[in-house]
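In: for reference, the sequence and a predicted model appear below.
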Amino acid sequence: MILKELLALHEGSYIVKNKDGKEKRFKDSASIAASEWTNSSSPTKKPKAIKYSQDWWDDRNDEVLPNSPIDKYDLDDKLADIFKNAIKFDHKNIDHWTSSGRLKKEIDGVQCLGTVVRVMYSFGADDDMGLDVKGDERLEDSVAFSVFRSPKNPSKFIFGEYT
């Protein structure tokens, strides 16, 4: 019992609660430290953000994020796959393409940046489209569509819509 009383005298015999109900011992209940403790609240821990949510991306320092601008050179290697998914026909030859503008779209709750891509392509008799063309004669067409960074893997692009 003597040890318990000595500890109470050393730590303080007055128990003071803060706004959250946590208790702390003080030697004097009227001291400045005790009154500051009474008016304080315990720090709250920030809840962990859901993976691939906007808050999760905001806390990251990755080189490429969903809201990173799309550079023309980013599209170079991936344009053939995007074009195939947009047109649904993979035998067309891309003759020329351009990207312009900056688009914003919320995809799965994440702000993703995108761009408008205009692709000029050609096709002929060897593309098996039922065309009545002879020899090397080719028909040309173009299509414009938007692409956006993927909210789960920003280095990949997803088809937006035809423009």
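Out: Everything's here; your move.

In: what packs against whatever helix or strand Ile82 lives in?
Out: Using DSSP states H and E, Ile82 maps to helix 79-87. Under the contact criterion of 3 or more CB pairs under 8 Å, 6 or more residues apart in numbering; DSSP states H and E, helix 79-87 touches strand 93-107, strand 110-124, strand 138-149, strand 157-162. All C-beta spots, glycine's among them, are computed from the backbone N, C-alpha and C.

In: looking at the ones you listed, which is closest to Thr44?
Out: Thr44 lies closest to strand 110-124 among those, at 25.1 Å (CB to CB).

In: wait, Pro69 touches Cys112, no?
Out: No. The pair Pro69 / Cys112 is not scored as a contact, 11.2 Å apart, by CB atoms under 8 Å.

In: need the residues that contact stretch 40-59.
Out: With contacts defined as CB atoms under 8 Å, 6 or more residues apart in numbering, stretch 40-59 is touched by 18-20, 22, 65-67, 108-111, 151-152.

In: which of the residues you listed are buried?
Out: 65-67, 110-111, 151 (16 or more other CB atoms under 10 Å).

In: so which bits of the helix holding Ile82 are buried?
Out: Buried residues in helix 79-87, counted by 16+ other CB under 10 Å: 79, 82-83, 86-87.

In: rebuild those residues as a markdown table, extending it with pLDDT and distance to Thr38.
Out: Listed next are the buried residues of helix 79-87 as a markdown table, based on pLDDT from 0 to 100; distance: CB to CB, whole Å:
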| residue | pLDDT | distance to Thr38 |
| --- | --- | --- |
| Leu79 | 77 | 64 |
| Ile82 | 76 | 61 |
| Phe83 | 75 | 67 |
| Ala86 | 69 | 64 |
| Ile87 | 71 | 69 |
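
In: for those, which one is nearest Val119?
Out: Closest approach to Val119 among the buried residues of helix 79-87 (CB to CB): Phe83, at 5.6 Å.
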